[in-house]
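In: Give me a model of this one.
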Amino acid sequence: TYAFTDKTALQYQYHGLNDKMFGTSYSDRMQEVNLVQSLNKNFAVYGGYAHISGDDFAKANNIAQAGVIGKANLGS
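Out: Numbers count the residues shown, from 1 in each chain. All right, here's what the predicted structure looks like:
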């Protein structure tokens, strides 16, 4: 995550999964980049792009994504 300001950041994530079942190996991947904007101490919004691919996928998937992040203090 790279912060542009105290409320705006660019986030990159990579998730990979390698698995073997019944002698066959699989490799799946997801890469995503999101722009995250903090609205206040409890909420943030994000929007971005994700690329999902894998050995058992017929084709790679490119998706736009958006969402809300709720934040709360779990401790004292």
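
In: Now do the same contact list for the closest residue to residue 71 other than its chain neighbours.
Out: Once flanking residues are discounted, residue 71 sits nearest to residue 42: 5.4 Å by Cβ to Cβ, 6 or more residues apart in numbering. (Each C-beta comes from the backbone N, C-alpha and C, glycine too.) Neighbour list for residue 42: 70-72 [criterion: Cβ atoms under 8 Å, 6 or more residues apart in numbering].

In: cool, residue 3 as well?
Out: Counting by Cβ under 8 Å, 6+ apart, residue 3 touches residue 9.

In: With residue 69 instead?
Out: Residue 69 touches 36, 43-46, counting by Cβ under 8 Å, 6+ apart.

In: Please name the bridge partners of it.
Out: Assessed by DSSP bridges, residue 69 has beta-bridge partners residue 44.

In: So which of the contacts of residue 69 is the closest to residue 20?
Out: Ranked by distance to residue 20 (Cβ to Cβ), the contacts of residue 69 are led by residue 46 at 33.8 Å.

In: Having no further points to raise, I will conclude here.
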